[in-house]
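> turn this into a model:
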Amino acid sequence: LFSSDAFGQHYAGLERFDDQVGDAIMPHARTYYANILLPYSALVTKLVEKVTEMNLALDIICPDHGIIWRKDPARIINAYVEWAAQKPKKKAIVLLDAGAVLVGSPTLNNGLFPTVSDFLTYMKGLKPKNKIAAAFGSYGWSGESVKLITKELEAMKFEVIDPGLSIQWVPDAEAVASCFQLGRKVGQALSR
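Below you'll find the predicted structure:
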């Protein structure tokens, strides 16, 4: 199967085949899917179902870039099925299968820190689904960042589980305890 963009990776090395790279190729394939194909997950699911119905024997998958899948082409197909389902796991990090997304920013000129704003714009374009979310931040005078982040998380149709944690200046013991409670709340939400 010459698969074009499907099943590829942004990987360059001396190896050409999956059996030469081993398990080390999967993080590259996962990152590629998360950054390129995530918005098309519904189409990926339909395409895999259609190809499966055709009952084709796929011995080798040759994507446009990255390694060629010759030892176990089913491995990457099964991974795509899993990634396209976007079933969240019980972890809170910025990756494809994270169930929770927590975003924080200081307030800068009544807005978000520029790199946080860039990240939110990028993530919004990928259209991730099935996430719980919360915002946190610090401020000196005005404190708009948490409300702005929350608004972006809601626009992405995330389940915002907390109105957001906003702390003025350097966190004291009470503020640190509030941070811990927010983390506990996220953990409990992931466990339901």
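> nearest residue to Gln86 in space, ignoring adjacent ones along the chain?
Closest residue to Gln86 apart from its sequence neighbours, by Cβ to Cβ, 6 or more residues apart in numbering: Lys129 at 4.8 Å. (Each C-beta comes from the backbone N, C-alpha and C, glycine too.)
> do Lys71 as well
Nearest one to Lys71, counting by Cβ to Cβ, 6+ apart, is Asp19 at 3.7 Å.
> which helices and strands does the helix or strand containing Ala84 pack with?
Applying DSSP states H and E as the criterion places Ala84 in helix 73-85. Under the contact definition 3 or more Cβ pairs under 8 Å, 6 or more residues apart in numbering; DSSP states H and E, helix 73-85 sits against helix 26-32, helix 41-53.
> hey, which of these is tucked in deepest?
Among these, the stretch with the highest mean neighbour count (mean count of other Cβ atoms under 10 Å) is helix 26-32, at a mean of 17.
> distance from the chain centre to that helix, please.
12 Å (Cα atoms, centre = their mean, to the nearest Å).
> packing partners of it?
Secondary-structure packing of helix 26-32 (3+ Cβ pairs under 8 Å, 6+ apart): helix 73-85.
> now the helix it packs on: buried residues?
Pro73, Arg75, Ile76, Ile77, Tyr80, Trp83, Ala84 (16 or more other Cβ atoms under 10 Å).
> using CSV, write out every CA atom in the longest helix anywhere in the chain.
Taking DSSP state H as the assignment, the helix of the chain that covers the most residues is helix 173-191. Below are the C-alpha coordinates for helix 173-191, written out as CSV (Å, rounded to 0.1, in the frame of the first residue of the first chain):
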residue,chain,number,x,y,z
ALA,A,173,0.9,28.4,51.4
GLU,A,174,-2.9,28.9,50.8
ALA,A,175,-2.4,29.4,47.1
VAL,A,176,-0.2,26.3,46.9
ALA,A,177,-3.0,24.4,48.6
SER,A,178,-5.5,25.7,46.1
CYS,A,179,-3.2,24.4,43.3
PHE,A,180,-3.1,21.0,44.9
GLN,A,181,-6.9,21.0,45.2
LEU,A,182,-7.3,21.9,41.5
GLY,A,183,-5.0,18.9,40.7
ARG,A,184,-7.1,16.7,42.9
LYS,A,185,-10.3,17.9,41.2
VAL,A,186,-8.8,17.1,37.8
GLY,A,187,-7.7,13.6,39.0
GLN,A,188,-11.1,12.9,40.3
ALA,A,189,-12.7,14.0,37.0
LEU,A,190,-10.4,11.7,35.1
SER,A,191,-11.4,8.8,37.3
